[in-house]
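S.K.: Quick one, structure for this:
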Amino acid sequence: MCGMQIAMTNAVSAGTVHYPAGDGADIEAYLAVPQDEAPRGGIVLIHHLPGYDEATREYARTFAVHGYNAVVPNLYSREGGPGVSYEDAAAAVRADGGVSDERLIADVGTAAEYLRALPSSNGKVGVIGHCSGGRQALLAACGLELQAAVDNYGAFVMVDSPESTGLRATSLEGRLGELSCPLLGNFGADDGYPSPEETARLEAALDKLGKTYDFKTYEGAGHAFFNVNRVSYRPEAAMDAWERIFEFYGEHLS
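M.R.: Below is the predicted model of the structure:
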């Protein structure tokens, strides 16, 4: 509700854009920006495994309301296109085990370049994701030069994904030394993927590497506690995490 009240007093523009990927593919994306031209940071939002959904586009509008340029690249653009629904494109990607790490890094890099090229960009870009997108946000921050990264309950960071999940996600432990920016993490104590034990292992690894991070685990919250359309939604945890995110980006993207 707070976001809706703010939105009524702040003018933003939002809609679909297209730009070329490094491999020449046409990337569909959702861009949300404040209407004034004051210099500001940009945020790349990584959608979760089910695909390029309305919830992630709503997050982009929320960030625009709070003064950031925000873009959601459709990571399944290559599988999509005219006549192909977002759901069918997502199903094709899931059947193939998900987007490869190399393709993810390249596509987030292109999205970051797109944001930096906007007239109102101050040159700083952050990344954020939930669930599979949380892991990919951390991955992107290890493969690209970014200014801030937010991992919301991203699993398979310190362990490989089980075969039963159908995913081909491998541990990122060997990449953590390449983390290019401060990392914010929001997790649920009742989550199984990632479990509190996996989060603790990630903290220990980051400590050993001397990386800057700020993690918080919410009691009584499980996976997808941000998602207002699921029974897993925990409003107190979600609102506190939002405040942490805005404060974090305010410090590193301004």
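S.K.: make it CA atoms for all contacts and neighbour counts henceforth
M.R.: Noted.
S.K.: Scan the protein for its longest helix.
M.R.: Ranked by residue count under DSSP state H, the longest helix found in the chain is helix 235-252.
S.K.: In PDB, could you pull the C-alpha coordinates for that helix?
M.R.: What follows is helix 235-252, C-alpha atoms only, in PDB (Å, rounded to 0.1, in the frame of the first residue of the first chain):
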ATOM      1  CA  PRO A 235       4.300  -8.700   5.100                       C
ATOM      2  CA  GLU A 236       6.500  -7.700   8.100                       C
ATOM      3  CA  ALA A 237       9.500  -9.500   6.700                       C
ATOM      4  CA  ALA A 238       8.900  -8.200   3.200                       C
ATOM      5  CA  MET A 239       8.500  -4.600   4.300                       C
ATOM      6  CA  ASP A 240      11.600  -4.700   6.400                       C
ATOM      7  CA  ALA A 241      13.500  -6.200   3.600                       C
ATOM      8  CA  TRP A 242      12.300  -3.500   1.200                       C
ATOM      9  CA  GLU A 243      13.500  -0.800   3.600                       C
ATOM     10  CA  ARG A 244      16.900  -2.500   3.700                       C
ATOM     11  CA  ILE A 245      17.000  -2.600  -0.100                       C
ATOM     12  CA  PHE A 246      16.200   1.100  -0.500                       C
ATOM     13  CA  GLU A 247      18.800   2.000   2.200                       C
ATOM     14  CA  PHE A 248      21.400  -0.200   0.500                       C
ATOM     15  CA  TYR A 249      20.800   1.200  -3.000                       C
ATOM     16  CA  GLY A 250      20.700   4.700  -1.600                       C
ATOM     17  CA  GLU A 251      24.200   4.200  -0.200                       C
ATOM     18  CA  HIS A 252      25.800   2.600  -3.200                       C
END
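S.K.: Against which helices or strands is it packed?
M.R.: Helix 235-252 sits against strand 148-152, strand 183-188, with contacts defined as 3 or more CA pairs under 8 Å, 6 or more residues apart in numbering; DSSP states H and E.
S.K.: Now do it against strand 148-152, angle only.
M.R.: 170 degrees (axes from the mean of the first three to the mean of the last three CA atoms, to 10 degrees).
S.K.: Now do the buried residues in helix 235-252.
M.R.: Ala237, Ala238, Ala241, Arg244, Ile245, Phe248, Tyr249, His252 (16 or more other CA atoms under 10 Å).
S.K.: what two of these are the furthest from one another?
M.R.: Ala237 and His252 (22.5 Å; CA to CA).
S.K.: re earlier: would you list the helices and strands packed on helix 235-252 in TSV and tack on mean pLDDT and mean neighbour count?
M.R.: Below are those laid out as TSV (pLDDT from 0 to 100; neighbours: other CA atoms under 10 Å):
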stretch	mean pLDDT	mean neighbour count
strand 148-152	98	28
strand 183-188	98	25
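S.K.: Can you add distance to Arg57 and give those strands back as CSV?
M.R.: Converted to CSV, those look like this (distance: least, CA to CA, whole Å):
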stretch, distance to Arg57
strand 148-152, 16
strand 183-188, 20
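S.K.: Which one, of these, ends up nearest to Ala89?
M.R.: When the helices and strands packed on helix 235-252 are compared by CA to CA, strand 148-152 sits nearest Ala89, at 23.8 Å.
S.K.: Distance from the chain centre to that closest one, please.
M.R.: For strand 148-152, the separation from the chain centroid amounts to 7 Å (computed by CA atoms, centre = their mean, to the nearest Å).
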